[in-house]
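Q: sequence unknown, structure follows:
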């Protein structure tokens, strides 16, 4: 589902000078679109770690097709950089913009195995941490609350029924309501993806679980924004935070 651009809200700032909101969850749980909207509401930057994994996958496919190996992926990483956009950070290839390229079906088919490569994970984590340095960010993706930002101020873990996740993904992809048969096929693919991603898609012990199966995107965004405001209010009450 696409999120309309909402009006911005007053900025929130922690005592550390910047606030990290970390959003994790399984594939097609709406992490990226939700994080983007939350960042807009809070006046933060959005850092999408999944976009970096997709960028690494896209470059490998451009070099060697879908039969690429790990060496091909790693050798292409130095061609990718992460640059600030209006409300976010986006991966840039030396050949140009990647926003459409990283959403290609062949990238979606292969990104899970690329994300399991240790060298790629380290590269992504370094870039995401650098992007968040000294600024307020909403970050989403793999390992965000457990490995990349274990001390994030606010951690949220999104889940939804696989059938509903499949329905949402297909609706966004095709711009129409999918058939039950299409949803069933996509659900099977998501369940298989969940199994592959099981070691990385783990809820942090201090993360807040939000089941979005029966929530609209606006409702889930509002819950996360409200949680961030609670953090701000608690910090202010302790004399350890302030409104910016």
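A: Yep, that arrived. If you're wondering where the values come from, they're calculated on a predicted model, not measured in any experiment.

Q: Can you tell me which helices and strands the lengthiest helix in the chain packs against?
A: If each helix of the chain is counted by residues according to DSSP state H, the longest one is helix 217-237. Using 3 or more C-beta pairs under 8 Å, 6 or more residues apart in numbering; DSSP states H and E as the contact criterion, the neighbours of helix 217-237 among helices and strands are strand 12-13, strand 20-24, helix 31-42, strand 154-159, strand 208-211, strand 242-243. Placement of C-beta: from N, CA and C, glycine included.

Q: What is the longest one packed up against?
A: With contacts taken as 3+ C-beta pairs under 8 Å, 6+ apart, helix 31-42 sits against strand 20-24, strand 45-48, helix 49-64, strand 137-140, helix 217-237.

Q: Turn these into CSV, columns for distance to residue 91 and mean neighbour count.
A: As requested, those are exported to CSV (distance: least, C-beta to C-beta, whole Å; neighbours: other C-beta atoms under 10 Å):
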stretch, distance to residue 91, mean neighbour count
strand 20-24, 18, 28
strand 45-48, 9, 26
helix 49-64, 4, 23
strand 137-140, 14, 28
helix 217-237, 24, 16
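
Q: Including distance to residue 175, could these go into a markdown table?
A: Compiled in a markdown table, the helices and strands packed on helix 31-42 are given as follows (distance: least, C-beta to C-beta, whole Å):
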| stretch | distance to residue 175 |
| --- | --- |
| strand 20-24 | 25 |
| strand 45-48 | 22 |
| helix 49-64 | 21 |
| strand 137-140 | 23 |
| helix 217-237 | 16 |
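
Q: Mind checking those for the one nearest to residue 172?
A: Closest to residue 172 of the helices and strands packed on helix 31-42 is helix 217-237 (C-beta to C-beta; 10.6 Å).

Q: How far does that closest one sit from its chain's centre?
A: In this view, helix 217-237 has its centroid 18 Å away from the chain centroid, taken as C-alpha atoms, centre = their mean, to the nearest Å.

Q: now that helix against strand 20-24, angle please.
A: Regarding helix 217-237 and strand 20-24, their directions subtend 140 degrees when assessed with axes from the mean of the first three to the mean of the last three C-alpha atoms, to 10 degrees.

Q: What ranges in this structure fall below the confidence cut-off?
A: Counting by pLDDT under 70, the chain shows low-confidence ranges at 1-17, 232-244.

Q: Centroid-nearest residue for it?
A: Closest residue to the average C-alpha location of the chain: residue 140 at 3.1 Å, with C-alpha atoms, centre = their mean.

Q: Next one: it relative to residue 29, how far apart?
A: Counting by C-beta to C-beta, to the nearest Å, the gap from residue 140 to residue 29 is 10 Å.

Q: okay, and the common contacts of those two?
A: When contacts are counted by C-beta atoms under 8 Å, 6 or more residues apart in numbering, the set common to residue 140 and residue 29 is empty.
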